[in-house]
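# Structural data only, the sequence is not supplied:
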């Protein structure tokens, strides 16, 4: 896991521009809105690297390597304007500590019919504060 505060690249009287990525390969981009008290994740990807850029609000991000036990789980708060990068074989889970909106960028298959092709769920949850089961049962994409 790598956490980065995105800096302003240029600024003038009209406002400012921040580069999230420059000259970087991205295969999928999604805007995700979440409600306070909900959860996402509890999975890992074998090949995909994911980046989450927090647009509004914040969340608690839990993570550990696939080959570590739950005593090795760490967490950090992701705030507006921050980017967190999840590398392959890193279990990650998100606890929404307030209503929020973030953009997920993926290097690898993640959208459309490929949404679950490189997603491997874990049980039990790695979240220390996971007190209830999300309606999907896995805190992932809602079932159709």
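Thanks, I have the structure now. None of the values given here were measured: they were computed from a predicted structure.
# Relative to residue 89, how far out is the residue most central in space within the chain?
Relative to the mean C-alpha position of the chain, the nearest C-alpha, by Cα atoms, centre = their mean, is the one of residue 52, at 4.8 Å. Taking Cβ to Cβ, to the nearest Å as the measure, residue 52 falls 17 Å from residue 89. All C-beta atoms are positioned from the backbone trio N, CA, C, and that covers glycine.
# Would you indicate which residues of stretch 33-48 are buried?
34, 38, 39, 40, 41, 42, 43, 44, 45, 48 (16 or more other Cβ atoms under 10 Å).
# Please apply the same query to stretch 61-77.
61, 62, 63, 64, 73, 75.
# so who does the first one touch?
Neighbour list for residue 61: 1, 52, 75, 76, 77, 78, 84, 92, 93, 94 [criterion: Cβ atoms under 8 Å, 6 or more residues apart in numbering].
# Let me have these in CSV, adding distance to residue 116 as columns.
What follows is the contacts of residue 61, written out as CSV (distance: Cβ to Cβ, whole Å):
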residue, distance to residue 116
1, 22
52, 18
75, 25
76, 26
77, 28
78, 23
84, 21
92, 15
93, 16
94, 17
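# Adding distance to residue 124, pLDDT and secondary structure, write those residues out as TSV.
As requested, the contacts of residue 61 are arranged in TSV below (distance: Cβ to Cβ, whole Å; pLDDT from 0 to 100; DSSP: H, G, I helix; E, B strand; the rest coil):
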residue	distance to residue 124	pLDDT	secondary structure
1	20	88	coil
52	23	97	strand
75	16	92	strand
76	21	94	strand
77	23	96	strand
78	23	97	strand
84	23	97	strand
92	15	96	strand
93	11	96	strand
94	16	96	strand
